[in-house]
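Undergrad: sharing a model prediction with you, sequence too.
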Amino acid sequence: MKCGRGPKGAKAKRLGVCPAALDKRLDRIHGGINSGRACWVVAGTYCGGTVQGSFAKKRVACKRCDFYNKVQHEEGGAFERNNALLSRLRDTSSRLDITTKRLGVIIGSAGLIGGALMHYFNNKTTGDIEVLGPNSKRLSIRQPGDIRKYFQKYQPDFIVNCAIAPLDSDAQLAFEINYLGAVRLAKMAMQLKIPYIHFSSSATQSMGENIREEDLLELSPKLSNYAKSKLLTEKTLRYMHENQGLDYSIVRLAIVYGKHDHKIQGFQRLLFSIADQSMPFILSKPGVCHSYSNTKKVPLFVNHMLENRDEFSGQSYNFVDKEPVEMVALIKAIKTYLDVKTPREIYVPYPLAKTGQAFLVWLIRRLRRLGVEIRLPAEMQFMKNFYETQTLSIERLERSSYRDDAPEVTVFTELTSIIYYYLIRWKHLNRITTFNEDFKGSEPAGEFLESPETLLETVNKYTHKPLQDHEASL
C-alpha cells in the first residue's frame, strides 16, 4: 500500500513500524512474513490515512481494500477465514497494543529477580515491551510439551530464564530445572530465532579476588547439585552458540539483595539469623569479602542487552556492585541497626564450624525419626564460602556500553529499607520468634486484633454500598 511503515520505510521512524510487519503470530499465513498477508485482523495498522483499531471496527473498510481482495483472489480455496485468524490472536487480544510491542516471556517470574523484571517491563519502560510470566502450572520447564505448546502459541520476541531449583534440591530436581529446563528453553529460542537471556550464579566460579567470567570451576561429581547443574548449563549454552547459532547472554549474579523476596535465602538468610538471634557467634573471619548484586539494577541491564544484541550476544557478564562487601562488617552493621547482642564477636574457626554442622546433621536425622520436622538452611552447604573470599571482576561489564546510573548504591545504603521491609513481613508471618515485639512499624491491626465483633459490624454495614464507598469508610 506504499504507506512507508515497513521495517525500513520512510515513515517508520515518525509513525512507527506497522504492527502487521512485526506480529509473528500469523507468520507464514498466506505465504506472508509475520502478519504481512493477514493485516486485516491486526489492530493498529495504518489504513486510509489513519491508524485503525480492532478488526471489528475496520472489517468493512478492509473488505473493500485492494490488498485484501488481491490476497483472497491469489489464495483461492486456501484463504484463511477471519475467525480462524482471530483465534490465533484471541488469548492476547485483551492487551490492545500487543501488536505494536515486543513480547517477552520471563520464566521464574515469581522469584526475586523474575519479579523485578516483570515489574520493570510492565511499569517502568517506555512501553515498547510487554512480558508474560507464566507460573509452573501454566508452563513447567520440566515438561517439553508445555514449552512447545506455550511458545508456539505466543511466539515471543525474547526469553529470560530466572528459574532455579531450591539450593538443597536433590540431584534429579536440580538436573531437570537448572539444566534440562534451561537447555530446552535455549532450543526453543534457537527455533524461534530470538534472544535468550539466562541467569546464572557465582557458585559456578572459583574462589579468590577479581574472578573473571571465564574462571569457572572444573566440572566434577563432587560439586553441589546446584553448582553442577548451573555449570553444565553455562557450558552447554556456549556450545550451542558456537556450533548452532544460539543468540544468548548469561548474567551471573553473586549474593543478591533487594526487597520483595518471599523466600528466606541468600542475604535474607543472614538477616533472618541475626534478627531471630539464632546466630550466637560469627561464622566467618575478618577480611573475608564477597560480591553483591542489586536486584533493582538487573532489569536495566537486561533491557540494555536486548537493545544491543550485536554487542552482548554470546557473552557472559558478572553483574555485581563495584565494591565487594566484608561479611563481618555487614554482620556488625545489621547487628547495630537491630540493637541486638548476638552474634557475639567471637569468630568460630572453620574446622569447629564444620564439626558443629556435622553434629547438627546427625541430630536432625534422629529427631526426624521421632516425627520432628527440622532442617538446616540450604545455604549451609556453602559454609566454606563463609571463610573464603570471592569477589567477581566487572572489567568486562565496565568495558561494555552499559552504564550504572547509581554506582553509589550498595547493600549498605539500602540496608535500612531492606531490614525494615523484611522484619515487618516476617513478624506478620510469625517467622521471627525472639525479636523485640516493639520494633517500629509493627502496630497491631486495630479492631481486627482488639474487637473483631465491631469490625464485622462495620464491614457488614457498608456491604450494600458501592465498592469505592465501602473502601473509603474503612
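TA: Good, I have the coordinates.
Undergrad: surely residue 313 meets residue 250?
TA: No - using C-beta atoms under 8 Å as the test, residue 313 is too far from residue 250 to be in contact (11.1 Å). (C-beta placed from N, C-alpha, C; glycine too.)
Undergrad: the two: who's more crowded?
TA: Counted by other C-beta atoms under 10 Å, residue 313 and residue 250 do not tie: residue 250 has more neighbours, with 23 against 16.
Undergrad: quick one: residues contacting the more buried one.
TA: Contact analysis of residue 250 by C-beta atoms under 8 Å, 6 or more residues apart in numbering lists 198-200, 234, 237, 315-317.
Undergrad: give me the PyMOL select line for these, limited to the buried ones.
TA: Buried residues within those, by 16 or more other C-beta atoms under 10 Å, are selected in PyMOL with:
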select buried, resi 198+199+200+234+237+316+317
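Undergrad: take the contacts of residue 250 and keep only those in strands.
TA: 198-200, 315-317 (DSSP state E).
Undergrad: pLDDT value on residue 155, please?
TA: Per-residue confidence (pLDDT) for residue 155: 85.
Undergrad: what's the burial count for it?
TA: 16.
Undergrad: close enough to count as contact, it and residue 189?
TA: No - the criterion here is C-beta under 8 Å, and residue 155 misses it with residue 189 at 11.9 Å.
Undergrad: can you get me a residue count around the residue lying closest to residue 22 once chain neighbours are set aside?
TA: Computed as C-beta to C-beta, 6 or more residues apart in numbering, the closest residue to residue 22 that is not its neighbour in sequence is residue 34, at 6.3 Å. Using other C-beta under 10 Å, residue 34 has 23 other residues around it.
Undergrad: in terms of helix, strand or coil, where does residue 34 fall?
TA: coil (DSSP: H, G, I helix; E, B strand; the rest coil).
Undergrad: that one is in contact with residue 17, isn't it?
TA: No - using C-beta under 8 Å, residue 34 makes no contact with residue 17, being 10.4 Å away.
Undergrad: coming back round to it: just give me the closest of the contacts of residue 250 to residue 390.
TA: Comparing those against residue 390 with C-beta to C-beta places residue 200 closest, at 14.4 Å.
Undergrad: which residue, other than its chain neighbours, is closest to the closest one?
TA: Nearest non-adjacent residue to residue 200 (C-beta to C-beta, 6+ apart): residue 252, at 4.7 Å.
Undergrad: and the one you found, that's in a strand?
TA: Yes - judged by three-state DSSP, residue 252 forms part of a strand.
Undergrad: now it: how far from residue 17?
TA: Distance, residue 252 to residue 17, by C-beta to C-beta, to the nearest Å: 34 Å.
Undergrad: neighbour count for these two, which is higher?
TA: Neighbours per residue, other C-beta under 10 Å: of residue 252 and residue 17, the larger number sits with residue 252, 25 against 16.
Undergrad: contact partners for that one?
TA: Residues in contact with residue 252 (C-beta under 8 Å, 6+ apart) are 199-202, 204-205, 213, 316-319, 392.
Undergrad: save those as JSON lines, and put in distance to residue 418 and pLDDT too.
TA: Putting those into JSON lines (distance: C-beta to C-beta, whole Å; pLDDT from 0 to 100) gives the following:
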{"residue": "199", "distance to residue 418": "21", "pLDDT": "97"}
{"residue": "200", "distance to residue 418": "24", "pLDDT": "95"}
{"residue": "201", "distance to residue 418": "20", "pLDDT": "93"}
{"residue": "202", "distance to residue 418": "20", "pLDDT": "93"}
{"residue": "204", "distance to residue 418": "26", "pLDDT": "94"}
{"residue": "205", "distance to residue 418": "25", "pLDDT": "93"}
{"residue": "213", "distance to residue 418": "28", "pLDDT": "95"}
{"residue": "316", "distance to residue 418": "28", "pLDDT": "96"}
{"residue": "317", "distance to residue 418": "24", "pLDDT": "97"}
{"residue": "318", "distance to residue 418": "22", "pLDDT": "96"}
{"residue": "319", "distance to residue 418": "19", "pLDDT": "97"}
{"residue": "392", "distance to residue 418": "21", "pLDDT": "96"}
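Undergrad: was I right about residue 417 contacting residue 259?
TA: Yes - assessed by C-beta under 8 Å, residue 417 is found in contact with residue 259 at 7.0 Å.
Undergrad: looking at those two, which one has more neighbours?
TA: Taking other C-beta under 10 Å, residue 417 and residue 259 do not tie; residue 259 has more neighbours (17 against 11).
Undergrad: check whether the more buried one sits in a helix, strand or coil.
TA: Here residue 259 is recorded as coil under three-state DSSP.
Undergrad: ok, and the closest non-adjacent residue to it?
TA: Of all residues not flanking residue 259 in the chain, residue 421 sits nearest, at 4.6 Å (C-beta to C-beta, 6+ apart).
Undergrad: could you check the pLDDT of that neighbour?
TA: According to the model, residue 421 scores 88 on pLDDT.
Undergrad: same question, residue 329
TA: Looking at residue 329, the pLDDT reads 92.
Undergrad: doesn't it fall inside a helix?
TA: Yes - per three-state DSSP, residue 329 lies within a helix segment.
Undergrad: show me where the stretch 101-250 of the chain has strands.
TA: Using DSSP state E, counting those that start in this stretch, the strands of the stretch 101-250 of the chain run over 102-107, 129-132, 158-161, 196-201, 208-211, 248-253.
Undergrad: next, the angle strand 102-107 makes with the fourth one.
TA: Orientation of strand 196-201 against strand 102-107 (axes from the mean of the first three to the mean of the last three C-alpha atoms, to 10 degrees) gives an angle of 30 degrees.
Undergrad: not counting sequence-adjacent ones, nearest residue to residue 1?
TA: Spatial nearest neighbour of residue 1, excluding adjacent residues (C-beta to C-beta, 6+ apart): residue 67 at 6.1 Å.
Undergrad: list the contacts of residue 112.
TA: Taking C-beta under 8 Å, 6+ apart as the criterion, residue 112 is in contact with 256, 258, 260-261, 263, 295.
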